[in-house]
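# Predicted coordinates and the sequence they were generated for:
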Amino acid sequence: MLQPRTDNSYRWVIIGVGALMTCVGIGAMFSLAIFLQPMAADTGWSRAGISSAMTLNFLVMGAAGFAWGAISDRIGARIVVLSGAALLGLALVLASQATTLASFQLIYGTLVGLAAGAFFAPMVAAATAWFDTHRALAVSLVSAGIGVAPMTVSPFAAWLVAAYDWRTAMLVIGIAAWVLLLPAGLLVRRPPVAAGGAEAPAPSGEIGDMSAGSAFRTPQFAVLAATFFLCCAAHSGPIFHMVSYAITCGVAPLAAVTIYSVEGLAGLGGRLLLGVLADRLGVKRVLVAGLLVQAVVIGAYLFVANLGEFYLLAVIFGTAYGGVMPLYAVLAREYFGQAAMGTVFGAVTMASSIGMALGPLAGGWVFDTFSVYNWLFIGSFGIGLAAVVIALAFPPLPSRQSRQLQPA
């Protein structure tokens, strides 16, 4: 009788490890936004050229997330995340020594993307396997690391750049990734097999436990992937170029970095808030509301003029985009079950990564062409509204999904 309690408590270790990995992995990747201006000033590389490394990063991360997710379904998440941790540190160390734009784009865009793809989908799949109830909150807590990243990795990167230079900063972050993630990866394990009262797999009567091939042919998957793609295409540009945009609006560089941190803090709160609301009100309803708020706030950024207004919108924007991101994993789990969760969610994440890839490159091109970011926010606003429309078309969830009743 003691075994279930021990196994049940270990799921919070999985949540903590997942949050740490998403924080360091995604934080290291997004630190390129902090490096953008000093890199351009130091090397003479164009913003569009540097930003294209992030675009390649997202494309590779999407494909890698699909592959890593499929591998984790077969052999478990531990080997996957350990491989990603080793590769992430190596990629950042090598990228810090790049002497040409092409070599930087290749190293950073390919290797960092390949490494980052090893964390989110496999750890989300691992977390959903440990939780039969409160699944939205569990996934939100794993992805909370993404919200913590702007409050930890980004300020750390900014401090390193100010104290040393961008190359030293990137090198140190790469070494820190090894130190933090390799030991954490050893803590990842599969949930206990159903026996003697331990946690059981999904009820066999559900639509869950669908094969990946069957899931890919459903309208639910098509709508889920399309909504995730448009959602990320809408917010990726504003997120990546927010620091640079604030500077062009007259905000001091160090203060501009704090806007990014405020977004991250709000995103952390948004993940928890929308996760709890989704468990109580329904995932689709909360997702549509969050997407609508995201679109409206993106448009509102066209009218900001001072740091206080940036902070206000950062709180709302961060809450919205941070809060909706975990909900796609919850929908995938409810639609398709656990058996191929890593593969299915990896495929959905690949669609989102393609959307994320558009924003940084588009924003860099807009600024290089027009010397302002206005058209980036106008276009992102329109894409955000399209995400709302597609989300409204979500098919109903499977009928036999009542899992609230647990054996006493």
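Done, it's in.

# quick one, strands of the stretch 1-150 of the chain?
For the stretch 1-150 of the chain, no strands are identified by DSSP state E, counting those that start in this stretch.

# what residue ranges in it score low on pLDDT?
Applying pLDDT under 70 to the stretch 1-150 of the chain flags residues 1-7, 133.

# go again using 50 as the cut-off
By pLDDT under 50, the low-scoring segments of the stretch 1-150 of the chain are 1-6.

# Would you map the helices across it?
Assigned by DSSP state H, counting those that start in this stretch, the helices in the stretch 1-150 of the chain fall at 2-30, 32-43, 47-75, 77-95, 101-106, 113-116, 120-130, 135-163.

# What is the distance between the fifth one and the centre of its chain?
If I follow you right, that is helix 101-106. When C-alpha coordinates are averaged (Cα atoms, centre = their mean, to the nearest Å), helix 101-106 and its chain have centres 24 Å apart.

# Ok, the fourth one next?
Using Cα atoms, centre = their mean, the mean C-alpha position of helix 77-95 is found 17 Å from that of the whole chain.

# same deal with the last one?
Here the centre of mass of C-alpha atoms in helix 135-163, compared against the chain's by Cα atoms, centre = their mean, lies 10 Å away.

# Mean neighbour count and distance to Gly282 for the helices of the stretch 1-150 of the chain - can I get that in TSV?
Placement of C-beta: from N, CA and C, glycine included. As requested, these are exported to TSV (neighbours: other Cβ atoms under 10 Å; distance: least, Cβ to Cβ, whole Å):
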stretch	mean neighbour count	distance to Gly282
helix 2-30	20	23
helix 32-43	20	34
helix 47-75	23	26
helix 77-95	23	28
helix 101-106	17	43
helix 113-116	27	31
helix 120-130	28	18
helix 135-163	23	10
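
# can you redo the ones you listed as TSV with distance to Val372?
Compiled in TSV, those are given as follows (distance: least, Cβ to Cβ, whole Å):
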stretch	distance to Val372
helix 2-30	23
helix 32-43	16
helix 47-75	13
helix 77-95	29
helix 101-106	24
helix 113-116	29
helix 120-130	33
helix 135-163	24
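
# quick one, what contacts the most centrally placed residue in the chain?
Centre of the chain computed as the mean C-alpha position; nearest residue by Cα atoms, centre = their mean is Ile146, 5.9 Å away. Residues in contact with Ile146 (Cβ atoms under 8 Å, 6 or more residues apart in numbering) are 22-23, 26-27, 264, 267, 271, 322, 325.

# any idea how far it is from Ile239?
Taking Cβ to Cβ, to the nearest Å as the measure, Ile146 falls 11 Å from Ile239.

# now Val81
According to Cβ to Cβ, Val81 and Ile239 sit 24 Å apart.

# same thing with Ile378?
Counting by Cβ to Cβ, the gap from Ile378 to Ile239 is 16 Å.

# How about Arg74?
Between Arg74 and Ile239 the computed distance is 33 Å (Cβ to Cβ).

# Gly25 now?
Separation of Gly25 from Ile239 (Cβ to Cβ): 16 Å.

# what do you get for Val344?
Look at Val344 and Ile239: by Cβ to Cβ, they are 26 Å apart.

# These two: who's more crowded?
Val344 (32 against 26; other Cβ atoms under 10 Å).

# you'd agree the more buried one is up against Ala329?
No. The pair Val344 and Ala329 does not pass the contact test of Cβ atoms under 8 Å, sitting 9.8 Å apart.

# Tell me which helix or strand comes right after the helix or strand hosting Val223.
For Val223, the host element (DSSP states H and E) is helix 219-248. Scanning forward in sequence from helix 219-248 by DSSP H and E, the next helix or strand is helix 253-281.

# And that following helix, what's buried?
By 16 or more other Cβ atoms under 10 Å, the buried positions in helix 253-281 come out as 253, 256-275, 277-279.

# and what of stretch 232-248?
If you call a residue buried by 16+ other Cβ under 10 Å, then stretch 232-248 has these buried ones: 232-246.

# Which strand or helix spans Gly379?
Short version: Gly379 belongs to helix 374-392, going by DSSP H and E.

# Go ahead and name everything in contact with that helix.
By Cβ under 8 Å, 6+ apart, helix 374-392 touches 223, 226-227, 230-231, 233-235, 237-238, 241, 245, 284, 287-288, 291-292, 294-295, 298-299, 301-302, 359, 362-363, 366-367.

# Check stretch 37-56 too.
With contact meaning Cβ under 8 Å, 6+ apart, stretch 37-56 is reached by 29, 32-33, 35-36, 101, 104-105, 108-110, 113, 161, 165-166, 240-241, 243-244, 247, 253, 357-358, 360-361, 363-365, 367-368.

# one more time with 7 Å
32, 36, 101, 104-105, 108-110, 113, 161, 166, 240, 244, 357, 360-361, 363-365, 367-368 (Cβ atoms under 7 Å, 6 or more residues apart in numbering).

# ok now do Gly84, which residues does it touch?
Here Gly84 is in contact with 25, 115, 118-119 (Cβ under 7 Å, 6+ apart).

# Excluding sequence neighbours, find me the nearest residue to it.
If the residues on either side of it in the chain are set aside, Gly84 comes closest to Ala118, at 2.6 Å by Cβ to Cβ, 6 or more residues apart in numbering.

# ok, now which ones touch that neighbour?
Taking Cβ under 7 Å, 6+ apart as the test, what Ala118 contacts is 64, 68, 80-81, 83-84.

# Generate a PyMOL selection restricted to the buried subset of the contacts of helix 374-392.
If you want just the buried ones from the contacts of helix 374-392 in PyMOL, going by 16+ other Cβ under 10 Å, the selection is:
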select buried, resi 223+226+227+230+231+233+234+235+237+238+241+245+284+287+288+291+292+294+295+298+301+359+362+363+366+367
